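[1] Okay, sequence plus prediction incoming.
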Amino acid sequence: MGNSFNEKFDQHGTWRREFALRLKLLAQWLKDQDLLDASVEDRLHRLEAKVRVDKVMVAFVAEFSRGKSELINAIFFADYGRRIMPASAGRTTMCPTEMGYDPEVPPCLRLLPIESRLQPQSLMEWRMVPEKWDRTDLDVTNPRQLAEAFAKVAETRRVTQDEAQALGFWQEGKDQSGALTDAQGLIEVPKWRHALINIAHPLLKQGLIILDTPGLNAIGAEPELTVSLIPQAQAIVFILAADTGVTQSDLSIWREHLVEDDRDTSTRVVVLNKIDTLWDALDTPLQVQLQIEGQKQNTASMLGVPAGQVVAVSAQKGLLAKVNKDAALLERSCLGALEDALSQNIMGRRQRILAAAVERGVNELRGETLRVVHMRRGDLREQLMELKGLRGKNSPVIKSMRSRIVQEQAEFDAGGVKIHAVRSVHLKLLREIFNLLGPGSLKREMAQLTAALQQKGFKLGIKRAYGETFERLQANLRQVQAKGLEIHAMLKATFLQLNTDYGFSLQVPDEPLVDAYLQDLALIERSHVQYLSLGNVFRLAQNEFSERLVRALSTRLRMVHELALSDIEAWSKSAASQLDVQLRERRRNFVRRMEAIDRIAQASGGLDERIEEVSNRSADLDQVEIKLAELTNYLIQMTAPERFGIAMNEAAG
Ligand SMILES: Nc1nc2c(ncn2[C@@H]2O[C@H](COP(=O)(O)OP(=O)(O)OP(=O)(O)O)[C@@H](O)[C@H]2O)c(=O)[nH]1
Ligand SMILES: [Mg+2]
């Protein structure tokens, strides 16, 4: 199969382990050199976390019965030698099913009962209370037990119309095309709202999260799925079936969930599944091939994507071929082509983003450390001159030198008052930023939005209600930006002053920007408005629905705020700790100079030894600088595209 998705993902895992190890070595070395101050340590942690918590979510989205679950079986679970996720004719997967790996939790399947919809908490909040979920432990060595447990995601319940309505599945007088009513007038609804599968599958261990979804055209699909989960996936696999072609409901799912006006669609993989239904013994292979090509073209033009972006496969035959180790059938199923597309589009892209972030992080870390090294060097140079100046001088001169150092130190300490004043302004501004991004203001916004959405006869004003809320949220972020710039300008002036007064080498890190978060807001707004404008607006008539929707919104916004805040905190910490470090270095330097003078005065000899000692320390610093360049260069080289592959070969060899 060559460079399959699985292998590519494995390589990435190996790379991440090696990177983490290298970071550890760097941290240890910095510590040995007394260069590991709070902000450098913080940077190391952030880098480490970025590489470790590099989760990639791939969502499978399509109308029911197009083969989402079968495709997941074929790509990820064929090693179990059987079908693991339930896949059968008609509606099968009834609740969104998320597969991932968390080492803190034993292998298990957790199911959130559908009745949880009667309560206001968002899905995100339910995740925090695992005891409310129905839990089945999994025996990962037993494929049959796994399959039996996973069968639960297909479970349904029959409820009365009233219950269905309360749960958000039934609307009097509305088009009920998605609902199934039996002879007693009962309605079939999913038994579970959401499923979380935790297993130590090799890919999941590397940070892959797979999201299988039910046929989304079902009435009453979880809004959070549409407005939160799917938009956050790094990649979406959209599936059509060759035997049905592109139907109206396929198209509406594509439009509702997958087209985002200005964003590039390269993270969307379109799959034309079930090509085996076109394999006809009466046609020549060439005829079959032409037919498949024709359908691919047609699909591409219907969806408005380049034809190259449509991959034709047979999930079922691919799974069968893998289980039976039938190479010819596997080839014919074209599953390999899909795996390639996934690894190139998703992993390649993901790695490029990660590499850029890592490179930036390492460079900053090196710059910050180098500044301390330079300062040490400058201090040593001065001390050396001072000592050399004492050559052949008598004790009164030495005494006066001593009092000069004492005076210098006193002046330096007096400067501390100014620094203190700057610090308190810095903290005050930071507190204001905390308030702007804190939970209080968000809560008020959300209450206002809920009230607006619940107004009667509202329909036409949705865009406006969201528009006004998001305008305020954006203005809020811009205010945060302004305060960040204010801190930046203040620190810049102060640092400049300190650099001239005391020969420091302080440099304010680049100002924190909120642009990315403004973009996140725009994206969130769009997904909500789009969701409501596509036939879901009537559901707002139910107060519980709008409350749930706003809660989902609020959890997502909180995440954006928290990220923005942690960016600013890290930035501010890095500036503050630079100052701390240089102040500390300078104080130490005073102590050293005094010691040297005192020793010379007492023994009235040993001057040459002192001079040699200082020169040696200076030479040591040369070594430190060389080693720092070496260690950080290694990390940066690890982010070169070809290194992602090399790391794997080295580990294997
Ligand atoms: N002939 C053929 N059948 C397939 C293929 N892939 C899936 N199927 C069948 O199509 C049916 C539906 O597949 P599922 O994987 O359950 O479809 P799904 O998209 O997950 O459907 P829901 O869970 O209901 O949303 C099953 O009977 C599969 O065996 C394929 O490549 N060829
Ligand atoms: Mg399914």
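    Nice, I can see it. Numbering: from 1, shown residues only. Ligands and ions are numbered 1, 2, ... in the order given.
[2] Give me every residue in this structure lying close to ligand 1.
    62, 64-70, 87-89, 91-93, 214-215, 273-274, 276-277, 314-316 (Cβ under 6 Å from any ligand atom). Bear in mind the C-beta positions are built from the backbone N, C-alpha and C, glycine included.
[3] Spell out for me the ChimeraX command that would select the buried members of those residues.
    To isolate the buried ones among the residues of the chain next to ligand 1 in ChimeraX, judged by 16 or more other Cβ atoms under 10 Å, type:
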select :62,64,65,66,67,68,69,70,87,91,92,93,214,215,273,274,276,314,315,316
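[4] If we check ligand 2, which of the residues of the chain next to ligand 1 are in contact?
    68, 69, 92, 93 (Cβ under 5 Å from the ion).
[5] Please list all residues in contact with the nearest residue to the first one once chain neighbours are set aside.
    Right, the one you point to is residue 68. Of all residues not flanking residue 68 in the chain, residue 60 sits nearest, at 4.1 Å (Cβ to Cβ, 6 or more residues apart in numbering). Contacts for residue 60 (Cβ atoms under 8 Å, 6 or more residues apart in numbering) come out as 68, 69, 71, 72, 210, 211, 212, 213, 236, 237, 239.
[6] which intervals of the stretch 401-550 of the chain have sub-threshold pLDDT?
    By pLDDT under 70, the weakly predicted segments of the stretch 401-550 of the chain are 456-460, 534-535, 538.
[7] In it, what residue comes closest to ligand 2?
    residue 531 (21.7 Å; Cβ to the ion).
[8] Assign a three-state SS to that residue, would you?
    Assigned by DSSP: H, G, I helix; E, B strand; the rest coil, the conformation of residue 531 is helix.
[9] And it, how far from residue 203?
    Computed as Cβ to Cβ, to the nearest Å, the residue 531 to residue 203 distance reads 30 Å.
[10] Who has more neighbours out of those two?
    Ranked by neighbour count (other Cβ atoms under 10 Å), residue 531 and residue 203 place residue 203 first, with 24 against 20.
[11] Please identify the buried residues of stretch 501-517?
    502, 504, 505, 506, 507, 508, 509, 511, 512, 514, 517.
[12] Just confirm the first one contacts residue 586, I think it does.
    Pointing back at residue 502 there. Yes. Between residue 502 and residue 586 there is a contact under Cβ atoms under 8 Å: 6.6 Å.
[13] who touches both of those two?
    residue 412.
[14] Low-confidence ranges, the stretch 251-400 of the chain, go.
    260-266.
[15] hang on, the earlier thing: most neighbours of all the contacts of residue 60, which one?
    Going by other Cβ under 10 Å, residue 68 tops the contacts of residue 60 with 30 neighbours.
[16] how about that residue, what does it touch?
    For residue 68, the contacting residues are 60, 61, 62, 93, 212, 213, 237, 239, by Cβ under 8 Å, 6+ apart.
[17] just to revisit the earlier point, and which of the contacts of residue 60 is nearest ligand 2?
    Using Cβ to the ion, these come closest to ligand 2 at residue 69, 3.2 Å.
[18] and residue 591, backbone torsions?
    phi -60, psi -50 (degrees, to the nearest 10).
[19] Report the separation between residue 355 and residue 16.
    According to Cβ to Cβ, residue 355 stands 12 Å off from residue 16.
[20] Residue 350 too?
    Taken as Cβ to Cβ, the span from residue 350 to residue 16 is 12 Å.
[21] One more: residue 212?
    Distance from residue 212 to residue 16, by Cβ to Cβ: 25 Å.
[22] Buried residues of stretch 411-430, list them for me.
    Within stretch 411-430, the residues that qualify as buried are 412, 422, 426, 429, 430, counting by 16+ other Cβ under 10 Å.
[23] nearest to residue 599, of the residues you listed?
    residue 412 (22.1 Å; Cβ to Cβ).
[24] contacting residues around that closest one?
    Listed by Cβ under 8 Å, 6+ apart, the contact set of residue 412 reads 502, 586, 590.
[25] Residue 532 too?
    So residue 532 contacts 462, 540 (Cβ under 8 Å, 6+ apart).
[26] Please repeat the previous calculation with a cut-off of 10 Å.
    223, 226-227, 453, 459, 462-463, 465-466, 538-540, 546, 549 (Cβ atoms under 10 Å, 6 or more residues apart in numbering).
[27] of those, buried ones?
    With burial judged by 16+ other Cβ under 10 Å, the buried subset of the contacts of residue 532 is 223, 226, 227, 453, 462, 465, 466, 539, 540, 546, 549.
[28] Report the two of those separated the most.
    Greatest spatial distance among the buried ones among the contacts of residue 532 (Cβ to Cβ): 226 and 465, at 18.1 Å.
[29] where does this structure come near ligand 2, residue by residue?
    Neighbours of ligand 2 within the chain, by Cβ under 5 Å from the ion: 68, 69, 92, 93.
[30] What separation do you get for the first one and residue 239?
    So the one you mean is residue 68. Residue 68 sits 6 Å away from residue 239, going by Cβ to Cβ.
[31] Need the overlap of contacts for those two.
    60, 61, 62, 271, 273, 315.
[32] now the contacts of residue 532 in JSON lines, with secondary structure?
    As requested, these are exported to JSON lines (three-state DSSP):
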{"residue": "223", "secondary structure": "helix"}
{"residue": "226", "secondary structure": "helix"}
{"residue": "227", "secondary structure": "helix"}
{"residue": "453", "secondary structure": "helix"}
{"residue": "459", "secondary structure": "helix"}
{"residue": "462", "secondary structure": "helix"}
{"residue": "463", "secondary structure": "helix"}
{"residue": "465", "secondary structure": "helix"}
{"residue": "466", "secondary structure": "helix"}
{"residue": "538", "secondary structure": "helix"}
{"residue": "539", "secondary structure": "helix"}
{"residue": "540", "secondary structure": "helix"}
{"residue": "546", "secondary structure": "helix"}
{"residue": "549", "secondary structure": "helix"}
